[in-house]
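K.L.:
A structural model of the following input is requested.
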Amino acid sequence: MARRANEASEGRRRSTIREVADRAGVSVATVSRILTGSYPAAPSTRARVMRAVKELDYVANAHARALAGSPSKSIAIVLNSVISPHYAHVAQGVEAQAAAEGRLCLIGTTGGDPERELAMVKFMREQHAEAVILVGNVVADEKYRQRMSQYAHALAAIGSRLVLCGRPPLGADVPAVVVEYDHAGGAFAATSHLLSAGHRRILCLGHRAGYTTAEGRLAGYRRALAAHRLPHDPALEVEGTMEWHEGYRMMTERLAAGARDFTAVFAINDLIAGGAHRALVEHGLRVPDDVSMVGFDDLPPSLDLNLTTVHLPHEEVGRTAVRLALEHEARGGTPPHVILGTHLVVRDSVRPILR
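P.N.:
Numbering: from 1, shown residues only. The predicted model follows:
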C-alpha cells in the first residue's frame with residue numbers, strides 16, 4: 001500500500017509544464033503566460049490549456065508544493081487607497097474576517113491605476129493567496145474585463161478565487177465571487193427624500209462617466225426624478241471625482257457662475273458633500289436653511305455635518321467577501337453574486353419647501 005502511494009506521488013511529481021503544453025498542443029511559453037494571466041489567448045486555446053492542467057493536475061500540485069513550507073494561509077485585498085474612509089472600513093472588515101478564519105492579510109494599493117491593479121492581482125496570485133479581493137470604483141471597459149477575466153481563470157486554476165467587491169460582475173462564465181452594494185437603490189432613496197420635501201431642482205455632484213460606482217448612483221438619482229415625473233436636466237449633473245476637494249471645486253464653480261438654480265444637493269458621496277458644504281458656507285449659505293443636502297456612504301464627515309446620507313455596510317461587505325470566497329473554494333459550483341442593501345440615515349440637513 002505504501003509502495004503504491006509512493007508510486008502515485010512519484011507520478012504526480014512527473015507532471016510538468018512540458019506535458020501540459022504537449023497535451024494542449026501549444027508551447028511551454030503559452031502555458032506559462034495563460035497560467036499567470038498575462039496572455040490574451042483565444043478562448044479555444046485557453047480551454048485546451050486549462051483542460052490539460054486539470055487532467056494532469058499540474059497547477060494544483062504546484063500550488064500544494066508552494067504552500068507545503070508555508071506556515072500561514074492568506075487573503076489579499078487590493079484597493080485604491082488606505083486613506084479613504086470607505087476603503088479603510090472595507091479593509092477592516094476583510095482583516096477581521098480573515099483573522100476569524102485563521103488567515104493573514106496581504107494589502108496592496110493602486111492609486112486608481114487600472115494597470116497597477118492588474119499587476120497587483122498577478123503578484124497576489126504568485127503569493128498563493130486563497131482569495132484576491134478587489135474593492136471599489138473602476139472603469140470597466142472591454143480591455144479591463146478581458147484581462148481581469150483571464151486573471152480570474154488563472155486564480156481558479158490554483159484553487160484561489162477572485163472577489164469583486166463593490167463592483168459589477170465580469171460575466172456569467174467568469175469564476176469570480178461578486179459582493180455589491182445597491183448603489184442605485186440607495187441613490188433613489190436619497191433623491192426621493194429630497195423630492196418628498198418639495199425640492200425640484202436638485203444638483204447632483206460627482207457624476208463621472210464610465211466609473212461603476214458613480215454611474216450606479218447617478219442612475220438612482222435619475223430614476224427618482226423620473227418616478228416623480230420630473231424632466232432630466234443634464235445641467236444639474238456636475239462631473240467630478242469622489243474627493244473632498246472636488247466637492248469644494250464643483251460647488252465653488254457653480255456658485256461663481258451666477259444665479260443659484262437649485263434648492264438641494266445630492267452628493268455622490270459624503271466627501272463631496274463635505275467639500276460642497278464648505279463652499280456654501282464661504283458664500284454665506286447655510287445647510288439646510290438655504291440649501292438642503294444629502295450624501296452617500298455614512299462616513300466622515302457626515303456626522304460632523306449632521307448630514308442625511310445613505311448608509312453602506314462597509315465592514316460587512318469586507319467580511320462577506322472573505323466568507324464567500326472561502327466557502328466557494330471549499331464547495332465549488334457557481335460563484336455567488338450577493339447585493340447588500342443600503343438604508344437612508346435621516347439627520348438634519350434637509351429642509352422642506354413650503355408650497
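K.L.:
Output the contacting helices and strands for the helix or strand that residue 143 is a member of.
P.N.:
In this structure, residue 143 sits in helix 142-157 according to DSSP states H and E. If contacts are counted by 3 or more C-beta pairs under 8 Å, 6 or more residues apart in numbering; DSSP states H and E, helix 142-157 sits against helix 28-35, helix 43-56, helix 114-126, strand 131-135, strand 161-165. Any C-beta I mention is one placed from the backbone N, CA and C, and that applies to glycine too.
K.L.:
let's see 10 Å
P.N.:
Packing partners of helix 142-157 (3 or more C-beta pairs under 10 Å, 6 or more residues apart in numbering; DSSP states H and E): helix 28-35, helix 43-56, helix 58-68, helix 114-126, strand 131-135, strand 161-165, strand 176-181.
K.L.:
List the contacts of the most centrally placed residue in the chain.
P.N.:
Centroid-nearest residue in the chain, with C-alpha atoms, centre = their mean: residue 136, separated by 2.9 Å. Going by C-beta atoms under 10 Å, 6 or more residues apart in numbering, residue 136 touches 78-81, 84, 86-87, 90, 110, 112, 164-167, 211-213, 242.
K.L.:
Looks to me like residue 93 is in a strand.
P.N.:
No: with DSSP: H, G, I helix; E, B strand; the rest coil as the criterion, residue 93 is located in helix rather than a strand.
K.L.:
quick revisit: would you show me how to pick out the buried ones of the contacts of residue 136 in PyMOL?
P.N.:
In PyMOL, this line selects whichever of the contacts of residue 136 come out buried by 16 or more other C-beta atoms under 10 Å:
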select buried, resi 78+79+80+84+86+87+90+110+112+164+165+166+167+211+212+213+242
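K.L.:
how's the chain carved up into domains?
P.N.:
Following automatic domain parsing, one finds the domains of the chain at 2-65, 72-181+315-341, 183-312.
K.L.:
What average pLDDT does the biggest helix by length in the chain get?
P.N.:
In the chain, with assignment by DSSP state H, the single longest helix is helix 314-331. For helix 314-331, the mean pLDDT works out to 89.
K.L.:
again with stretch 112-124
P.N.:
Rounded mean pLDDT across stretch 112-124 is 86.
K.L.:
what does stretch 79-99 give?
P.N.:
When pLDDT is averaged over stretch 79-99, the result is 91.
K.L.:
mind listing what's buried in the longest helix of the chain?
P.N.:
For helix 314-331, the neighbour count (16+ other C-beta under 10 Å) marks 314-315, 317-326, 328 as buried.
K.L.:
To residue 350, which of the domains of the chain lies closest?
P.N.:
Within those, the stretch nearest residue 350 is domain 183-312; the backing value is 4.4 Å (C-beta to C-beta).
K.L.:
May I ask which helix or strand of the protein has the lowest mean pLDDT?
P.N.:
The helix or strand of the chain with the poorest confidence is helix 2-13; it has a mean of 41 (mean pLDDT, DSSP states H and E).
K.L.:
contact partners of the helix or strand following that one?
P.N.:
Downstream of helix 2-13, the first helix or strand assigned by DSSP H and E is helix 17-24. Residues outside helix 17-24 that contact it (C-beta under 10 Å, 6+ apart): 16, 26-32, 34-35, 45-56, 58-59, 62.
K.L.:
Now a PyMOL select for only the buried ones of those.
P.N.:
The following PyMOL line selects those of the contacts of helix 17-24 that are buried, judged by 16+ other C-beta under 10 Å:
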select buried, resi 26+30+31+34+35+45+46+48+49+50+52+53+56+58+59+62
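K.L.:
Next, residue 260: secondary structure please.
P.N.:
Residue 260 - assigned by three-state DSSP - is coil.
K.L.:
That one contacts residue 203, doesn't it?
P.N.:
Yes: using C-beta atoms under 10 Å, residue 260 is in contact with residue 203, at 9.4 Å.
K.L.:
which of these two has more neighbours?
P.N.:
Regarding residue 260 and residue 203, a neighbour count based on other C-beta atoms under 10 Å identifies residue 203 as having more, with 24 against 15.
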